[in-house]
Structures are given as structure tokens and as C-alpha cells.
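A.B. asks: only geometry, no sequence info:
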């Protein structure tokens, strides 16, 4: 078992070194220093994002649902607690 694993590793290293050598012979630069894939930079506005989220929370009625749920939950807990 170990012999097969070692043989497979040897084959893999041989093939990977052949690919690297071929790329070097074609003068391909394989370094990742110059590789940039679809990056977009956006200025972050944390306070503005929180304000928009809170406005949406109030506008959609979720604030009222939250308050009603708190009151009903507290009343249910009070009426079902013994002692």
C-alpha cells in the first residue's frame, strides 16, 4: 500500500515538474504577484448601512411586530410561570 502511494507521489511530482519546466521554457510567468481577478473596491459606509437597515426595519413593519412579540411573549411567560 505504502509503495503504491510513494509511486503515485513520484509520478505526480514528475508531471508537475514537467509542467513547470514547460511553462518556463515558454517564458510564462507563473507567479501570483501580478495576477488580479475581478476585484472591485467600494468605500464602506457603516453608519449609512446601519441607518438604511433600521429605516427598512421600521418601514416594513418589523419594528411593530417585534414590539408586539415582546409584549405577548412576556405576558405568556407571566401567565404560565408558577410561583
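C.D. replies: Sure thing, it's come through. The shown structure was predicted, so the numbers you read here are calculated from the model rather than taken from an experiment.

A.B. asks: so where is this structure shaky, pLDDT-wise?
C.D. replies: Where the chain drops to pLDDT under 70, the residues are 5-6, 9-10, 12-13, 15-36, 83.

A.B. asks: swap the cut-off to 90 and go again
C.D. replies: In the predicted model of the chain, residues 1-44, 81-83 satisfy pLDDT under 90.

A.B. asks: Please enumerate the strands of it.
C.D. replies: Counting by DSSP state E, the chain has no strands at all.

A.B. asks: mind listing the helices in it by residue range?
C.D. replies: Remark: helices assigned in the chain by DSSP state H are 2-25, 46-59, 62-80.

A.B. asks: Take those and write them to a markdown table, including distance to residue 39 and mean neighbour count.
C.D. replies: Yep, even glycine has a C-beta here, placed from its N, CA and C like the rest. As requested, the helices of the chain are arranged in a markdown table below (distance: least, Cβ to Cβ, whole Å; neighbours: other Cβ atoms under 10 Å):
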| stretch | distance to residue 39 | mean neighbour count |
| --- | --- | --- |
| helix 2-25 | 24 | 10 |
| helix 46-59 | 21 | 10 |
| helix 62-80 | 35 | 10 |
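
A.B. asks: Output those helices as CSV; include the columns distance to residue 40.
C.D. replies: Compiled in CSV, these are given as follows (distance: least, Cβ to Cβ, whole Å):
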stretch, distance to residue 40
helix 2-25, 29
helix 46-59, 17
helix 62-80, 31
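
A.B. asks: And these: which comes nearest residue 37?
C.D. replies: Among those, the nearest to residue 37 by Cβ to Cβ is helix 2-25 (18.8 Å).

A.B. asks: My read is that residue 57 contacts residue 65, right?
C.D. replies: No - using Cβ atoms under 8 Å, residue 57 is not in contact with residue 65; the gap is 10.0 Å.
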